[in-house]
Structure formats: structure tokens, C-alpha cells
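Trainee: Fold the following, please.
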Amino acid sequence: MKKYIAIAFILGTLSFACNRQVKPANSNARPVASAEVKKGVAPVADPEMAVVEMENPAYGSIKIELYSNIAPKMVARFKQLAQDGYYDGIIYHRVNDNVIQAGNSDTKPGRSPNPAKEGDSGLPDIEAEFSDVPFDTGIVGAARLGSSVNSQNAQFFIMLKRQAAFDNNYTIFGKVIEGMNNVRTIAGAPRDGEKPTDPIRIKHISIVPRDQAK
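Mentor: Numbering: from 1, shown residues only. Predicted coordinates:
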């Protein structure tokens with residue numbers, strides 16, 4: 001009997017490990033393992049910022065200041081992918097009352113979704129860079145691609161409202177400083193569950209000096 005229980009436990013563990021589902025999954029999401037939290041460090045705007053342009057002009061643009069002093073690895077990854085055009089054509093695939101989320105490479109035009117996992121950049125995952133900055137309206141966080149807290153990769157989410165359950169549990173690497181009205185417009189689009197009915201695609205994310213952002 002013990003032998004069968006052990007086999008069942010191993011199979012169950014393997015099944016869970018292979019089911020790479022993007023987090024945060026819900027407002028009560030919690031990591032299965034802890035990571036060090038950088039405390040008492042105020043976010044400082046990076047000399048460069050991100051400007052997110054949408055394919056549909058009705059959704060406007062979103063300007064994001066980046067916090068390389070609290071999440072240097074995720075900021076560097078986000079800049080690299082943006083400059084490489086990774087986000088071009090990707091949709092906001094997950095929208096609910098808390099967040100809008102994008103960065104899934106399977107949502108690019110002509111791509112077929114992989115049922116085994118949601119698309120990533122093909123680059124190695126990034127370890128958690130937690131801080132005690134609160135998850136408030138406009139905060140930009142890194143989504144995880146699995147149960148590990150160290151599975152940040154390319155996907156990001158923008159907060160629509162304060163969500164204390166995310167505090168100390170997800171990497172914060174930026175904040176919207178202009179265009180929250182456009183974030184809310186995206187959040188208010190018709191959707192089936194958490195997926196917008198009509199694809200809301202990113203045209204391009206530009207990384208520009210703060211003093212040159214228009």
C-alpha cells in the first residue's frame with residue numbers, strides 16, 4: 001500500500017511541475033516558496049522609460065517609469081525584449097478587475113498556442129526581486145510562469161487598483177506615470193472570461209530617455 005501511495009505522490013508532483021500557468025492567477029495568489037524581500041528602498045526612476053503603443057489608436061499609449069534600483073534584472077530583461085521587438089504584436093491576454101497582463105509570445109499573429117505552457121521569450125527565467133513597495137494602482141509587476149517564485153521571464157501586468165495580496169509576492173519593476181486612462185479602457189473592453197473578445201495588440205514598446213518621452 002505504501003508503495004502505491006509513493007508512486008501516486010511522485011506522479012502528482014511531476015504533473016504539477018509541468019503545468020506552467022502564469023501567475024498571478026487570482027487575488028489570493030501566494031508563492032509556494034519564499035524569497036528575500038528588499039525592504040526600505042524607495043523606487044527610483046531609471047534614466048530610461050518605456051512607452052507602450054497599441055495597434056488600435058483607441059487604446060492610446062502607456063508611459064512606464066522603470067525601477068532598476070529595486071529590480072535590475074527584470075528591468076534589463078524588459079528593456080532587451082522591447083528593443084528586440086519581442087512585444088510587437090503581442091496581446092493583452094489576461095484582463096480582470098485587478099490587472100491587465102501581456103507578454104505571452106504565443107499570442108503573436110500566426111503563432112499556435114502551446115497547451116503545455118504559456119509562451120515565454122526563450123530566454124532563461126529570472127529570479128525574484130521582491131521589495132516592500134506596495135502593489136497599488138499603476139504598478140507594473142512581473143508575472144511568473146510557474147509555481148516557483150523564480151520564474152519571471154517576459155510577461156508583465158499593470159495594476160488597476162490596490163491589491164495587498166500581491167505585496168512581497170511579485171517583482172515590481174515599474175509604474176505607469178501617464179496613460180492609466182488607456183489601461184482602464186483596455187480593462188473595460190468586452191471579454192470572454194479574462195480574455196478580451198477582440199485582440200488588443202501592442203504595436204511596439206519603445207525604450208527612450210525620460211527627458212525625450214513625448
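
Trainee: Quick one: residues contacting the residue most central in space within the chain.
Mentor: Ranked by distance to the mean C-alpha position of the chain (Cα atoms, centre = their mean), the top residue is Phe156 at 1.7 Å. When contacts are counted by Cβ atoms under 8 Å, 6 or more residues apart in numbering, Phe156 is found next to Phe78, Gln101, Ala102, Gly103, Val140, Gly141, Ala142, Ala143, Phe173. The C-beta positions use only the backbone N, C-alpha and C, and glycine is treated the same way.

Trainee: all helices for the chain, in order.
Mentor: Along the chain, the stretches classed as helices by DSSP state H are 2-18, 72-83, 180-187.

Trainee: Give me the helices and strands touching the second one, please.
Mentor: Going back to what we said before, that points to helix 72-83. Here helix 72-83 touches strand 48-54, strand 61-66, strand 152-159, strand 172-178, strand 202-209, going by 3 or more Cβ pairs under 8 Å, 6 or more residues apart in numbering; DSSP states H and E.

Trainee: if you set the cut-off to 7 Å instead, what comes out?
Mentor: Helices and strands touching helix 72-83, by 3 or more Cβ pairs under 7 Å, 6 or more residues apart in numbering; DSSP states H and E, are strand 152-159, strand 172-178, strand 202-209.

Trainee: where's the nearest residue to Ala76 once chain neighbours are set aside relative to Asn98, distance?
Mentor: Closest residue to Ala76 apart from its sequence neighbours, by Cβ to Cβ, 6 or more residues apart in numbering: Ser68 at 7.4 Å. Distance, Ser68 to Asn98, by Cβ to Cβ, to the nearest Å: 25 Å.
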